[in-house]
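predicted model and sequence follow; I will ask about them next.
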2 protein chains.
Amino acid sequence: MEGSPLQLDGPEPLWRQAAEAILQEIASGKLASGARLPAERDLFTRMSISRVTLRRALQSLVEEGVLTPSHGRGWYVSAKVPKEFPNTLESFSETAKRLGLTPSSDVLRAEEAPATLDEAEELSIAPGTTLFHLERIRRLDQVPVAVDTSFFAVALAPHLGQVDFRTASLFGLLIAAGIDLARAETTIEAHGADSALAQHLDMGVGKSTLVMRQLIVDASGRPLLSSTIRYAGDRYRLRTSFSRTGKFAWPVGAQPVASDRRGAA
Amino acid sequence: MEGSPLQLDGPEPLWRQAAEAILQEIASGKLASGARLPAERDLFTRMSISRVTLRRALQSLVEEGVLTPSHGRGWYVSAKVPKEFPNTLESFSETAKRLGLTPSSDVLRAEEAPATLDEAEELSIAPGTTLFHLERIRRLDQVPVAVDTSFFAVALAPHLGQVDFRTASLFGLLIAAGIDLARAETTIEAHGADSALAQHLDMGVGKSTLVMRQLIVDASGRPLLSSTIRYAGDRYRLRTSFSRTGKFAWPVGAQPVASDRRGAA
DNA sequence: AAGTGGTCTAGACCACCCC
DNA sequence: GGGTGGTCTAGACCACTTA
């Protein structure tokens, strides 16, 4: 790996292409875990881009946990390049793939209905606004692992009536419709299963379930979609990764923990 | 708000100061939620910095969820500026403060011991390495809400023997010791309480608990600390916020995403 | 067409690390 | 020292929005 020039090409921004090129080098093994990258001045010369652009690429890889800069020494490939990107939850189908299982769904409800007062308040819209409700049992290799209940204003994405949600992805559809899903305000609790949930998930009443509620908002903070997923406690495990970003202190306090009393918020 | 010049000053990087100045304008109400910022060319002139530096500041505020750019139209203050930063968990003491409650701890264990095979494997160190074990009952206004079990190599931070962990913050101590806590690989499950846990938390055996395990790693991915926290299910609720970063497919939080596009890499 | 953000450049100087 | 990343600049051109 000397002065071999790297050719970039594509419609994407230059810095994105540069980042991809570096990821390639890592994936192909030319840059091993823990290895030091060539100096910035080498890299941007070989890629025929400016130093600013190269640094933007490097910075983006830091945020993905792939690279680590060390002032005065160089850029290093992280010891363990994370398969999952930080700060995202592993999706249902990703989990299935990792475990070698087949995901599927039973649709319990897929219909339009006017928003109740509570629903309207949660989405910050007018009561009576037409919502689309979707409720599904999620399965892995036919074993039921969760019940997923979501709703959102139909105005967001019309023509969902004829979609087959046994296989379709709600998020995929919304993104494809050009909807900007920027952030998810999330709470996670543990509860005993009520009888209806226990029946859907084929488990004992009162057994532990993991309840994840998400309010998905766009970049300006406007609520778009409400989602509640109830997992059978002994059949599922959420996985994620929290990062410190920029100059902000970590989950300081005592422990990386969050909490709330019942009923609040 | 016209051409009034903004004075920056401090030891921090210019772009950080610029970001703080903008946050100030928002906090003081000069820039309301949803308001449009002055044009970039105005701002960097008034702040006497370059456009690149200003944009770095603006970009950092986008990542915090404070601003939203709109190509060809301008920069806007987000509708709801989040108090918590995305992708971090609210800490125990932060929660206590928000709820107006007083946090405290009972120390069940605080001692050194050689690493077992399992512990060594989890931290990627040699079995027998001396570890520091810390186990505490966490309380809010004296009500027990969680049992926290952590361990890490004593070599990381010596002299912890005489610390009073009834009030001290483990994370705070480690950060103060200059240890780089960059990321936390996290899993979350729901379980029924065993008898020991039930007794510590003053709850019924078999009742739901939320179990959060975290492996805290440094920027290069090297494991530093293992932490397991078991919450009484009916007394706690985890809160966080997931963001989409850059161009990657979405957090999808446990939603069935059939499209499941692996971003880059 | 005018105004706005989005991308990119070439060059400078500083701070840190290691020999 | 010399090499490395960290910050900052002034200016250019492009793409999108609005009128």
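On my side now, so go ahead.

could you pull out the strands for chain A?
Applying DSSP state E to chain A gives strands spanning A:67-70, A:74-77, A:103-114, A:130-140, A:143-153, A:183-192, A:208-217, A:223-232, A:238-243.

reformat these as TSV; add distance to chain B.
Every residue, glycine included, has its C-beta placed from N, CA and C. Shown next, in TSV, are these (distance: least, Cβ to the nearest Cβ, whole Å):
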stretch	distance to chain B
strand A:67-70	4
strand A:74-77	6
strand A:103-114	6
strand A:130-140	6
strand A:143-153	7
strand A:183-192	3
strand A:208-217	4
strand A:223-232	5
strand A:238-243	4
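
generate CSV for these, with mean neighbour count, distance to residue B:153 and mean pLDDT as supplementary columns.
CSV is the format used below for these (neighbours: other Cβ atoms under 10 Å in any protein chain shown; distance: least, Cβ to Cβ, whole Å; pLDDT from 0 to 100):
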stretch, mean neighbour count, distance to residue B:153, mean pLDDT
strand A:67-70, 18, 20, 91
strand A:74-77, 18, 22, 93
strand A:103-114, 15, 40, 93
strand A:130-140, 20, 37, 94
strand A:143-153, 21, 37, 94
strand A:183-192, 23, 30, 89
strand A:208-217, 24, 31, 92
strand A:223-232, 22, 34, 94
strand A:238-243, 21, 21, 78
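
and of those strands, who's closest to residue B:102?
Closest to residue B:102 of the strands of chain A, according to Cβ to Cβ: strand A:183-192, at 22.6 Å.

for the strands of chain A, which one sits closest to residue B:96?
strand A:183-192 (17.1 Å).

so which elements touch the closest one?
In terms of contacts (3 or more Cβ pairs under 8 Å, 6 or more residues apart in numbering or on different chains; DSSP states H and E), strand A:183-192 is packed against strand A:208-217, strand B:183-192, strand B:208-217, strand B:238-243.

of all those, which one comes closest to residue B:68?
strand A:208-217 (11.1 Å).

how far does that closest one sit from its chain's centre?
The chain centre lies 13 Å from the centre of strand A:208-217; the measure is Cα atoms, centre = their mean, to the nearest Å.

for DNA strand C, what is the nearest residue in the stretch 101-250 of chain A?
Nearest residue of the stretch 101-250 of chain A to DNA strand C: residue A:219, at 10.6 Å (Cβ to the nearest atom of the strand).

ok, back up a step: in a markdown table, list the strands of chain A along with distance to residue B:166.
Formatted as a markdown table, the strands of chain A follow (distance: least, Cβ to Cβ, whole Å):
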| stretch | distance to residue B:166 |
| --- | --- |
| strand A:67-70 | 36 |
| strand A:74-77 | 39 |
| strand A:103-114 | 46 |
| strand A:130-140 | 43 |
| strand A:143-153 | 39 |
| strand A:183-192 | 26 |
| strand A:208-217 | 30 |
| strand A:223-232 | 35 |
| strand A:238-243 | 26 |
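
and the helices and strands packed on strand A:183-192 as CSV, adding distance to residue B:101?
Below are the helices and strands packed on strand A:183-192 laid out as CSV (distance: least, Cβ to Cβ, whole Å):
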stretch, distance to residue B:101
strand A:208-217, 22
strand B:183-192, 23
strand B:208-217, 18
strand B:238-243, 15
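
tell me which of those lies nearest to DNA strand D.
That would be strand B:183-192 among those, by Cβ to the nearest atom of the strand, at 17.1 Å.

angle of the closest one against strand A:238-243?
150 degrees (axes from the mean of the first three to the mean of the last three Cα atoms, to 10 degrees).

in its sheet, which strands sit next to strand B:183-192, and in what direction?
Strand B:183-192 sits in its sheet next to strand A:238-243 (antiparallel), strand B:208-217 (antiparallel), going by DSSP bridges.

grab the CA positions of that strand and hand them over as PDB.
Presented in PDB, the C-alpha positions along strand B:183-192 are these (Å, rounded to 0.1, in the frame of the first residue of the first chain):
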ATOM      1  CA  ARG B 183     -19.700   3.400  23.600                       C
ATOM      2  CA  ALA B 184     -21.900   0.900  25.400                       C
ATOM      3  CA  GLU B 185     -23.000  -2.300  23.800                       C
ATOM      4  CA  THR B 186     -26.400  -2.800  25.300                       C
ATOM      5  CA  THR B 187     -29.000  -5.600  25.600                       C
ATOM      6  CA  ILE B 188     -32.300  -5.300  27.300                       C
ATOM      7  CA  GLU B 189     -34.600  -8.100  28.400                       C
ATOM      8  CA  ALA B 190     -37.600  -8.800  30.700                       C
ATOM      9  CA  HIS B 191     -37.400 -11.500  33.300                       C
ATOM     10  CA  GLY B 192     -39.200 -12.700  36.400                       C
END
